[in-house]
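Q: Structure, please.
(one chain, ligands or ions: 1)
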Amino acid sequence: MKRDVIIACDFPGMNETLSFLDRFEGEKPYLKIGMELFYAAGPEIVRRIKERGHNIFLDLKLHDIPNTVKSAMKVLKGLEVDMTNLHAGGGCAMMEAALEGLTPSAGERKTKLIAVTMLTSLTREAMNNEILIAGDVQDTVMHYAMNARKSGLDGIVCSPLESPIVHEKIGNDFITVTPGVRFADGDVGDQARVTTPEKAKQLGSSFIVVGRPITRAEDPLAAWKRCMKEFAE
Ligand code: C5P
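A: This is a model prediction of the structure:
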């Protein structure tokens with residue numbers, strides 16, 4: 001599988017996003033549209049960005065009863081994004097229903113479906129004492145990854161540090177999408193555990209999600225190119 005850098009378009013609306021993309025001089029980076037932008041600009045932002053020829057990861061992290069998630073996925077199917085996601089914590093029946101919703105009655109499914117495992121913002125203490133899941137975070141991530149695989153999903157969102165074990169146990173075709181990436185000489189911001197694009201490549205991540213190191217760079221195009229060079233070449 002071809003490694004790629006996904007830029008997290010964490011902008012408040014359509015105009016900010018399109019002006020940001022105007023700075024890419026015809027280049028077409030893979031983009032992530034998350035909750036903030038989707039709730040503000042709606043499906044129209046997906047259409048506008050697709051029109052410009054970008055691949056899109058729609059990061060809406062669905063989590064509800066299977067029937068509701070299936071119906072929501074049927075709607076998202078119509079947007080024809082390249083990848084979307086849900087929370088593995090919703091269980092296997094929910095993941096299977098989501099996949100059914102995304103799959104057209106005839107022809108191949110166009111949208112890859114991946115599962116968020118344990119949010120990287122959660123500590124082991126919070127997982128053990130608030131969510132009442134015992135053990136190590138990595139064991140939970142691995143268990144959720146196996147559930148996602150069993151349910152027919154294409155991959156997971158996890159920390160780059162968890163990519164090697166996931167690929168070792170499930171194979172290299174199973175996608176790992178990993179946020180928390182910073183340049184060696186860059187600001188860490190609010191991310192606790194970070195890796196460089198080069199390190200994420202060594203750890204075997206399939207995609208890295210990079211937000212502020214590119215969106216807040218003085219020259220976003222140069223920052224994206226640097227990221228691509230370190231991670232994808
Ligand atoms: O700006 P930064 O590079 O930290 O952005 C990372 C992106 O990845 C954000 O859109 C954030 O919501 C997302 N993300 C994350 N950690 C997770 C899941 C998603 O940082 N565990």
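
Q: immediately after the longest helix seen in the chain, which helix or strand?
A: Assignment by DSSP state H gives helix 137-150 as the longest helix of the chain. Per DSSP states H and E, the first helix or strand lying C-terminal to helix 137-150 is strand 155-157.

Q: next SSE after that next one?
A: helix 163-170.

Q: For that following helix, list every residue counted as buried.
A: 163, 165, 166, 167, 170 (16 or more other Cβ atoms under 10 Å). Backbone N, C-alpha and C define where each C-beta goes, glycine included.

Q: Off-centre distance for it?
A: Using Cα atoms, centre = their mean, to the nearest Å, the distance from the centre of helix 163-170 to the centre of the chain it belongs to is 17 Å.

Q: for it, what is the average pLDDT?
A: For helix 163-170, mean pLDDT rounds to 97.

Q: Around the ligand, pick out the residues from this protein.
A: Contacts of the chain with the ligand, taken as Cβ under 6 Å from any ligand atom, map to 8, 10, 34, 119-120, 157, 179-180, 189, 191, 209-213.

Q: report the longest strand in this structure, please.
A: Longest among the strand segments of the chain by residue count, using DSSP state E, is strand 56-62.

Q: Run through the neighbouring helices and strands of that one.
A: strand 30-34, helix 35-41, helix 43-51, helix 66-77, strand 83-87 (3 or more Cβ pairs under 8 Å, 6 or more residues apart in numbering; DSSP states H and E).

Q: Let me know the secondary structure of the residue positioned nearest the centre of the chain.
A: With distances taken as Cα atoms, centre = their mean, the residue of the chain nearest its centroid is residue 177 (5.2 Å). Under DSSP: H, G, I helix; E, B strand; the rest coil, residue 177 falls in the strand class.

Q: Start and end of stretch 163-176, how far apart?
A: 6 Å (Cα to Cα, to the nearest Å).

Q: neighbouring contacts of it?
A: 1, 112, 114, 138, 141-142, 145-146, 149, 154-158, 160, 162, 178, 200, 203-207 (Cβ atoms under 8 Å, 6 or more residues apart in numbering).

Q: Would you check how far apart the nearest residue to residue 11 once chain neighbours are set aside and the ligand are?
A: Leaving aside its chain neighbours, residue 11 sits nearest to residue 17 (4.6 Å; criterion: Cβ to Cβ, 6 or more residues apart in numbering). Going from residue 17 to the ligand by Cβ to the nearest ligand atom, to the nearest Å gives 13 Å.

Q: Check what pLDDT residue 17 gets.
A: 98.

Q: does it really touch residue 9, like I thought?
A: Yes - between residue 17 and residue 9 there is a contact under Cβ atoms under 8 Å: 5.3 Å.

Q: In terms of neighbours, single out the busier of those two.
A: residue 9 (26 against 22; other Cβ atoms under 10 Å).

Q: surely residue 84 meets residue 111?
A: Yes - between residue 84 and residue 111 there is a contact under Cβ under 8 Å: 5.6 Å.

Q: Quick check: neighbours shared by the two?
A: With Cβ under 8 Å, 6+ apart, residue 84 and residue 111 have common neighbours 76, 102.

Q: the more surrounded of these two?
A: Taking neighbours as other Cβ under 10 Å, residue 84 and residue 111 compare with residue 84 leading, 24 against 21.
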